[in-house]
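Mind folding the following:
(2 chains)
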Amino acid sequence: MDKHKLLVILGPTATGKTDLALSLAKKFSGELISADSRQVYKGLDIGTGKLPGREVEVKRGDGFWEMDGTKVWMYDVVNPKQQFTVKDYVLQAGKIVEDVIKRGRLPIVVGGTGFYVKGLLEGFASLDIPMDENLRGELQKLSLKELQQKLQSLSPTKWASLNQSDKKNPRRILRSIEIIYTYPYRKTNKKLKIKSKKWNMLKIGLTAPRPVLYERIDLRLLSRIQQGLIEEGENLHEKGLSLQRMKELGLEYGMMADLLSGVLSNEQFTTQLQTKIHQYAKRQMTWFQKEPDIHWFDITTLTYHEKVENLVDSWYYPGDDKKD
RNA sequence: CCGGAGGUGGCAGAGUGGCCAAUUGCAUCAGACUGUAAAUCUGACGGGAUUUCCCUUCGAAGGUUCGAAUCCUUCCCUCCGGA
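Presented below is the predicted three-dimensional model:
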């Protein structure tokens, strides 16, 4: 019983993941499943880079786009006013992956949200513990100190399991308390293995030397602005997306909230956003660095595209590498 | 040329005799991450030795003082106003 194959393409922003995925999809008759925490939102198009770098023919469906003849899933699955979480992603994307497999096509998971990728590919236990809006509402009123004290008294073990950084992170402490409240007796060390090793996976990682990456980010932002990024932001806001929500959405949208409210000049908007995206790319690299089994490719090497194709080919058609 | 304000670590900006290697924010660097993850959070951030140690810093040079980024003198530079 061979496990089904699943291709993963990840890496920091602005490395051309979508472009690569699209061309691989064509070659290996695949479909893309986006793993991007912001592309799931309807209307966030230019800022989230839903379109690839080159001109393609696009058809928009419900919950997917079709570009250049290949389907891209997990685009436009929810209204940006609503909160979408890993839980939602894992559920929905998981179904899509199964469906793509069922139809005999190669699922290609492509995206920069490491947490989503990890959730989809490996799953994790606490995903089953639901959010408790009432509890959250209460806890949100507390200061960091109070949250810390609360968790410590509720469950010293849980508290001790947090790392130094999370012990000072209100959001994480809050979730820990939430978990303790719903499963007070569950031992923190009890782990449910969900699906790891369910698929035969090949992970491709795209990188570039940092100066190059940053320059690509800067140029890409400029071109997004030309494509109407600001108008997109204005439009969303006019349609009722609050500035506060835009802030939460981060990067281009967060900065556009400041631009629209007049806090920033156009020039400040651009330069500050560029550094925000640099920082984001760095965080992505930090995340992916410790992810195992990734085959990394430097996109500044001329032949990387070809090398990726060869690798995918030998993985997808094992024992068939003598063909020409 | 006169009057006024000011020159602080990559930037912004506190400090106005000892508690100052110098608050804070930003940037930078490193990192965390099990339902907000483009979010949230942590650490480092003059140099060196590395538990309370040393060295070089607050425009420059002198001076006062036990002790100065903080007071005095001169010089250099910037900004505003008047000539």
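
what's the burial count for residue A:163?
Other residues near residue A:163 come to 9 when the count uses other Cβ atoms under 10 Å. For every residue, glycine as well, the C-beta is placed using N, CA and C.

Doesn't it belong to a helix?
No. With DSSP: H, G, I helix; E, B strand; the rest coil as the criterion, residue A:163 is coil rather than part of a helix.

Please identify the buried residues of whatever helix or strand residue A:218 lives in?
Assignment of secondary structure by DSSP states H and E places residue A:218 within helix A:210-226. By 16 or more other Cβ atoms under 10 Å, the buried positions in helix A:210-226 come out as A:213-214, A:216-218, A:220-221, A:224-225.

okay if I get the residues you listed as a markdown table plus distance to residue A:175 and pLDDT?
Conversion of the buried residues of helix A:210-226 to a markdown table gives the following (distance: Cβ to Cβ, whole Å; pLDDT from 0 to 100):
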| residue | distance to residue A:175 | pLDDT |
| --- | --- | --- |
| A:213 | 32 | 97 |
| A:214 | 33 | 97 |
| A:216 | 35 | 97 |
| A:217 | 31 | 97 |
| A:218 | 35 | 97 |
| A:220 | 34 | 96 |
| A:221 | 33 | 97 |
| A:224 | 33 | 96 |
| A:225 | 36 | 96 |
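
and those residues, which two are the farthest apart?
Considering Cβ to Cβ, no two members of the buried residues of helix A:210-226 lie farther apart than A:213 and A:225, which are separated by 19.1 Å.

Quick check: next helix or strand after the helix or strand hosting residue A:231?
Residue A:231 is part of helix A:229-238, with elements assigned from DSSP H and E. Once helix A:229-238 ends, the next helix or strand along the chain (criterion: DSSP H and E) is helix A:243-249.

Could you list every helix and strand in contact with that following helix?
With contacts defined as 3 or more Cβ pairs under 8 Å, 6 or more residues apart in numbering; DSSP states H and E, helix A:243-249 has these neighbours: helix A:229-238, helix A:251-260.

What pLDDT does the model give the closest residue to RNA strand B within the stretch 201-324 of chain A?
Taking Cβ to the nearest atom of the strand as the measure, the stretch 201-324 of chain A has residue A:250 as its residue closest to RNA strand B, at 2.0 Å. The confidence metric pLDDT takes the value 92 at residue A:250.

ok, it - how many residues close by?
Residue neighbour count, defined by other Cβ under 10 Å, stands at 16 for residue A:250.

same question, residue A:278
Neighbour tally, residue A:278, other Cβ under 10 Å: 18.

Skipping its backbone neighbours, what lies nearest it in space?
Spatially, and ignoring its direct neighbours in sequence, residue A:278 is nearest to residue A:214 (5.2 Å; Cβ to Cβ, 6 or more residues apart in numbering).

so what's the most centrally placed residue in chain A up against?
Computing the C-alpha centroid of chain A and ranking residues by Cα atoms, centre = their mean puts residue A:113 first, at 2.3 Å. Applying Cβ atoms under 8 Å, 6 or more residues apart in numbering, one finds that residue A:113 lies in contact with A:35-37.

Highest neighbour count among these?
Top of these by neighbour number is residue A:35, holding 27 neighbours under the definition other Cβ under 10 Å.

Isn't that one up against residue A:107?
No. Contact status for residue A:35 versus residue A:107: not in contact, 11.2 Å apart, counting by Cβ atoms under 8 Å.

before we move on, the earlier item: now render the buried residues of helix A:210-226 as a markdown table, adding distance to RNA strand B.
Putting the buried residues of helix A:210-226 into a markdown table (distance: Cβ to the nearest atom of the strand, whole Å) gives the following:
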| residue | distance to RNA strand B |
| --- | --- |
| A:213 | 11 |
| A:214 | 8 |
| A:216 | 15 |
| A:217 | 11 |
| A:218 | 11 |
| A:220 | 11 |
| A:221 | 11 |
| A:224 | 10 |
| A:225 | 14 |
